[in-house]
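K.L.:
let's see this in three dimensions:
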Amino acid sequence: MPQPDVATIADLVRVHAAKRPDAIALVVGERIISFAELDARSSQAAQAFRAAGVGTGDRVAFVEKNGVEFFEVTYGLAKLGAVVVPVNWRLAPPEMLQIIDDAGAAVVVVGSEFLGHIEAIADELTSVHTILAVGHHDRWQAFDDWIADQPTDDPGVATGPDDIALQLYTSGTTGLPKGCMHPHRTLMHNAIGGALWGHAGAETVSLGVVPMFHITGMLYGVLGVVHSGSTHILMPRWDRELAGRLISRYGVTHWTCIPTMVIDLFGSPNYKSFDLSSLRYISGGGAAMPHAVAQRLQDEFGLTFAEGYGLTETAAPSHANPPERAKLQCLGIPIFGVDSRVVDPLTMQELPPGEIGEIITRGPMLFKGYWRHPEATKEAFVEFEGKTFFRTGDLGRMDEEGYFFMTDRLKRMINASGYKVWPAEVEMLLYKHPAVQEACIIAARDAYRGETVKAVVVLRAGAKGKTKAEDITAWARENMAAYKVPKIVEFVESLPKSGSGKVMWRLLQDEEAARSAAAG
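P.N.:
Residues are numbered from 1 along each chain as shown. Here you go, the predicted model:
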């Protein structure tokens, strides 16, 4: 656990500003920011928020891409004992309204690209008294101007490890988004643990591209990098060509990403010209890394993708592959202080290695509950062996060495004539097809089987117009059990993805169900 001098996330930036003030903390475009400047700017933000009436426990919503403002707002609010509520900037205005109102935010800080979104709902916001624009706006004050005249003195508000620091909303794939409340304690545990696990330190140069409104981006891109005192190269959003150039230019050593980013990087016609030789540690989660892609990463660049696993409720990592002994297509082992089991989801009886069941977990990284949803909080936990475990809702298995493997979401199974088909497994197999860039498996109605397997496929550039649905099906018959073979193949230009890069399989599933209903 954290030492007394780093009991809250605000202490992370304070420590490095005191010990290594001139060390480079952030590189944003051509701008270079030291730890001393980061500490001063976050203190100015804290002073400005306090002047606006923000106090301990108050919520501030933040809608912006990755940038230095994310650090100023997050650490500034931490110095006040207030709570940052990052909002997915890819949401539509009504969805943003739902989150900001649910959080009861007093202030909204919004990036220039999303001013129109907030302007569309400004008159409907019930709790917000101040809106600040990152950039110029005729109606609202500029965030930079707002904090520029404030003193750089730390406000010195007494804040403890059990005070809530972050309220991050679930993706909403199974209902309306719910706010996961994380105190400093849970965030500190994983910020420190994640950095230690990946052997990150002051000499590390990391690439920050996972959206910081997502728990992975927050833990590894805002908190963990400051804990380790490393230099963080920020990207506002994913751009495969820019990512390749930044890794080459700055000698990036650590890259936490979404597997789809690696897939996209390989899709670049220029990827072989990128110098990735500086990379020592590449990791990620959010979706399983296809075996074929991971093998290609190993063969061409000598890099082993160290997959991890976690949820918003677990402050990102609950499991990770040891970088010294990673297994492909594997969630890894429970990290520091985490106890995970595989149980029958109905009886809650623990299952032996190799058998598939629901993954349950407990540890110092678990959230404190859903904001204003006591019943949902209660349902999220289960008593097991006299202890409280969180129900992940994910199906998986554990091997004889204690490594966990994902099978699928608990409710995503396809039942084809009594045969259970796990979509993630079929997707992993399809990625081995030389023409397949991306694939998502969903259920389609079948008069005979009840449900059948449908593949929604994005072809590689060179395969478009040359590959037919029958080619995919014929290949699948040669590479997987008959009941897993997609009976329907649909080609699309792209798959819908959430702000964190996950393929939105439920959206595709809902669209398929609507088509079936319309067809009668």
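K.L.:
what strand or helix carries T392?
P.N.:
Using DSSP states H and E, T392 sits in strand 387-398.
K.L.:
ok, then the element right after that strand?
P.N.:
strand 404-409.
K.L.:
for that next one, packing partners?
P.N.:
strand 387-398, helix 423-430 (3 or more CB pairs under 8 Å, 6 or more residues apart in numbering; DSSP states H and E). Quick note: C-beta positions are derived from backbone N, CA and C, even for glycine.
K.L.:
using CSV, list the CA coordinates for the first one.
P.N.:
It stands for strand 387-398. In CSV, the C-alpha atoms belonging to strand 387-398 read as follows (Å, rounded to 0.1, in the frame of the first residue of the first chain):
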residue,chain,number,x,y,z
LYS,A,387,-15.6,-12.7,2.0
THR,A,388,-17.1,-10.2,-0.4
PHE,A,389,-16.3,-10.7,-4.1
PHE,A,390,-17.2,-8.6,-7.1
ARG,A,391,-19.1,-10.4,-9.9
THR,A,392,-17.4,-9.5,-13.1
GLY,A,393,-20.1,-10.9,-15.4
ASP,A,394,-17.3,-12.4,-17.5
LEU,A,395,-16.9,-16.0,-18.2
GLY,A,396,-13.5,-17.6,-18.2
ARG,A,397,-11.3,-20.4,-17.0
MET,A,398,-8.1,-20.8,-15.0
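K.L.:
could we number from 196 for the rest of this?
P.N.:
Taking 196 as the first residue, the last one we looked at is strand 582-593.
K.L.:
before we move on, the earlier item: can you list the strands that the strand holding T587 pairs with?
P.N.:
strand 552-557 (antiparallel), strand 576-579 (antiparallel), strand 599-604 (antiparallel) (DSSP bridges).
K.L.:
least reliable of the helices and strands packed on strand 599-604 by average pLDDT, please.
P.N.:
For the helices and strands packed on strand 599-604, the weakest mean pLDDT is recorded on helix 618-625, namely a mean of 87.
K.L.:
give me the contacts around that helix.
P.N.:
Residues from elsewhere that reach helix 618-625 (CB atoms under 8 Å, 6 or more residues apart in numbering): 483, 485-486, 524, 601-603, 607, 609, 631, 634-637, 648, 650, 652, 667, 671, 674-675, 679, 681, 700.
K.L.:
and the average pLDDT for whichever helix or strand comes after that helix is what?
P.N.:
Beyond helix 618-625 in the direction of the C-terminus, DSSP H and E gives the next helix or strand as strand 631-641. Across strand 631-641, the average pLDDT comes to 94.
K.L.:
just the buried residues of strand 631-641, please?
P.N.:
In terms of neighbour count (16 or more other CB atoms under 10 Å), strand 631-641 has its buried residues at V631, Q632, E633, A634, C635, I636, I637, A638, A639, D641.
K.L.:
how many residues are close by L541?
P.N.:
L541 is flanked by 8 other residues according to other CB atoms under 10 Å.
K.L.:
what does A510 give?
P.N.:
Neighbours of A510 under the rule other CB under 10 Å: 32.
K.L.:
quick one: pLDDT of it?
P.N.:
Looking at A510, its pLDDT stands at 97.
K.L.:
now do M601
P.N.:
So, for M601, pLDDT stands at 86.
K.L.:
ok, and the closest non-adjacent residue to it?
P.N.:
G591 (4.9 Å; CB to CB, 6 or more residues apart in numbering).
K.L.:
and the one you found, bridged to which residues?
P.N.:
G552, M601.
K.L.:
quick one: contacts for it?
P.N.:
G591 touches L526, V537, I551, G552, E553, I554, F599, F600, M601, T602, counting by CB under 8 Å, 6+ apart.
K.L.:
now A501
P.N.:
Contacts of A501 by CB under 8 Å, 6+ apart are G393, Y476, I477, S478, A515, N516, P517, P518, A521, G527.
K.L.:
just the buried members of the residues you listed?
P.N.:
For the contacts of A501, buried by 16+ other CB under 10 Å: G393, Y476, I477, S478, A515, N516, P518, A521, G527.
K.L.:
check contacts around the second one.
P.N.:
Counting by CB under 8 Å, 6+ apart, Y476 touches G393, H394, A395, T448, H449, W450, A501, P518.
K.L.:
ramachandran angles for the first one?
P.N.:
What it means is G393. Main-chain torsions, G393, degrees, to the nearest 10: phi -90, psi 10.
K.L.:
now it. Nearest residue, chain neighbours left out?
P.N.:
Looking at G393 with CB to CB, 6+ apart, the closest residue is Y476, at 5.1 Å.
K.L.:
if I look at that neighbour, how far off is L221?
P.N.:
19 Å (CB to CB, to the nearest Å).
K.L.:
and the helix or strand hosting E665, what does it pack onto?
P.N.:
Element membership for E665 (DSSP H and E) is helix 664-674. With contacts taken as 3+ CB pairs under 8 Å, 6+ apart, helix 664-674 sits against helix 618-625, strand 645-654, strand 683-686.
K.L.:
how about CSV for these, with distance to R209 added?
P.N.:
Formatted as CSV, the helices and strands packed on helix 664-674 follow (distance: least, CB to CB, whole Å):
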stretch, distance to R209
helix 618-625, 43
strand 645-654, 46
strand 683-686, 53
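K.L.:
right, and those - which one's nearest L460?
P.N.:
strand 645-654 (15.2 Å; CB to CB).
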